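**Q** coordinates only, no sequence provided:
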C-alpha cells in the first residue's frame, strides 16, 4: 500500500481482494477515488446507480458518494486497485457513520 510512510504526499493506493460472494460495506470518502478492476467481475453500487464492471474497467467516485463493490462470482476472487486523491483519505461506513483513515486499514484482505 502506498501511504505517507512510504513517501506519498498527494495520494494513496493499493489492492483489495473481495472473496467469492463477498462485498465491501456501503461507504463514502472525503476525497475522490478511482478503482480499477484487476481481476474478476464486480457489481458496483454508486449513489443511485448500479452497474457491472469487468477486469480492465475503471471507475471514478467523487467525494461523499456512497458506494460499494460486490463480487457476484461463486468461485472467483474480485481484485481491485484503488487510488485516493489525498493522503488524508478517510472511509465512512454509511450504516454506522464510523470514519477511519484509509491507511489504518488492512486493504489487502478487506
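**A** Done, it's in. Only a predicted model underlies this, so the values are computations on that prediction, with no experimental measurement involved. Numbers count the residues shown, from 1 in each chain.
**Q** now do the buried residues in stretch 56-76.
**A** For stretch 56-76, the neighbour count (16 or more other Cβ atoms under 10 Å) marks 59, 61, 65, 66, 67, 68, 69, 70, 71, 73 as buried. From N, CA and C alone the C-beta is placed, and that goes for glycine too.
**Q** an error on my part: the question was meant for stretch 32-49.
**A** 32, 33, 35, 36, 37, 40, 41, 42, 43, 44, 45, 46.
**Q** filter those residues down to just the ones in strands.
**A** Judged by DSSP state E, those include 33, 35, 36, 37, 41, 42, 43, 44, 45, 46 as members of strands.
**Q** ok, now how distant is the fourth one from residue 12?
**A** Put plainly, it is residue 37. 18 Å (Cβ to Cβ, to the nearest Å).
**Q** any idea which residue sits dead centre in this protein?
**A** The centroid of the chain falls nearest to residue 82 when counting by Cα atoms, centre = their mean (5.7 Å).
**Q** surely that one is in contact with residue 13?
**A** Yes - using Cβ atoms under 8 Å, residue 82 is in contact with residue 13, at 6.2 Å.
**Q** residues touching residue 98, list them.
**A** For residue 98, the contacting residues are residue 92, by Cβ atoms under 8 Å, 6 or more residues apart in numbering.
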